[in-house]
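*Asks:* what follows is a predicted protein model with its sequence.
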Amino acid sequence: MLKHKNPDWHPEQPDRIAYIWKAVENAFGRNAITIIERKAKKEELYLAHSLDYINYLFSIRGSVDLDYETFFSEHTLDAVLSAAGICLELVEHIIQGTYKKCFALVRPPGHHATYTGAMGYCIVNNMAVAVNKALAMGLERIVIIDWDVHHGNGTQEIFFETDAVYFIDIHQENLFPENSGNVDETGRDRGKGFTLNIPVPAGKDGNYYLDIMDAVAYPILRRFSPQLLCISSGFDALGGDSEGAMHLVPTDYRELTRKVCLWADELCEGKLLMVLEGGYCIPSVSEAVCTILENWEEKL
């Protein structure tokens, strides 16, 4: 995943996960880190993406621009297969009971990737691949909470017509993608009422997010009774991040994660999958990830 290259001006760089990895190693010790080396198979990506799109990715030779800010270079396919493969491996471990709570330190991010294409630095929707794998393994009710500062439009699209996945997205209003993540986007057909968008005005802090989680997310979880809780954990709502205008601090993510850990314990036998999405102020993101992992009851 370190070999996926973007232009030098691009916010999404390999140092994101390298720096986080080192911070976690320093905070918890080298033996606390579980290394998973698995690449997704081509057919596993069909869980969340169209046949034509995945075949196109496998056909690329050299470097291409998938859109104006999403780039595909020599080692990108290996990176996206590794990112998706790690998420698949973790969700299998969670369902089988090997682990209960997992955090996937992966790049490139995934939540903007739609069924048919790349967008917003995202090429394969890691969370959607993992969640559809969980459904294929027999789960019937899954909640995804996306607290990245941008709207997870790709994840929303992929699950927009199903009642098996309740998608809750907390994002900065009118940010990215344009005209996406409005409150009237609530699902379609069988999925009507199973998507909830919560656009947040710029400049809000962690207390605002914690209040949303208590007042809005928790009652939904209680009613829906998920068998697995998933968090698309972007960190670009941190103050000072170049891609957003919120004012969260690293310890806010510890409190947010403490809540979802308690809710997972209460509602779905502790089953929790967190996947890295955005977050580009690297020192702050690294600190935030370390505060998240303070909540883990099991050894990582």
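*Replies:* Cool, the structure landed. Numbers count the residues shown, from 1 in each chain.
*Asks:* surely Cys290 is within a strand?
*Replies:* No: in this structure, Cys290 is helix, not part of a strand, as judged by DSSP: H, G, I helix; E, B strand; the rest coil.
*Asks:* Ala27 is in contact with that one, correct?
*Replies:* Yes: with contacts counted by CB atoms under 8 Å, Cys290 reaches Ala27, the gap being 4.6 Å. Placement of C-beta: from N, CA and C, glycine included.
*Asks:* looking at the two, which is more packed in?
*Replies:* Using other CB atoms under 10 Å, the more surrounded residue of Cys290 and Ala27 is Cys290, with 18 against 15.
*Asks:* separation between that one and Ala23?
*Replies:* To Ala23, Cys290 is 6 Å away according to CB to CB, to the nearest Å.
*Asks:* tell me where the stretch 151-300 of the chain has helices.
*Replies:* Using DSSP state H, counting those that start in this stretch, the helices of the stretch 151-300 of the chain run over 153-158, 206-212, 218-224, 250-267, 282-293.
*Asks:* to Val275, which of these lies closest?
*Replies:* helix 153-158 (10.3 Å; CB to CB).
*Asks:* list the buried ones in that closest one?
*Replies:* Asn153, Gly154, Thr155, Gln156, Glu157, Ile158 (16 or more other CB atoms under 10 Å).
*Asks:* next one: stretch 66-85
*Replies:* For stretch 66-85, a neighbour-count test (16+ other CB under 10 Å) marks 66, 69-73, 76-77, 79-85 as buried.
*Asks:* leaving out the residues flanking it, which one is nearest to Gly120?
*Replies:* The spatial neighbour of Gly120 that comes closest, neighbours along the chain excluded (CB to CB, 6 or more residues apart in numbering), is His112 at 3.5 Å.
*Asks:* closest to the centroid, which residue in the chain?
*Replies:* For the chain, the residue lying nearest the average C-alpha position, counting by CA atoms, centre = their mean, turns out to be Ser232 (2.7 Å).
*Asks:* right, I'll call it a day here.
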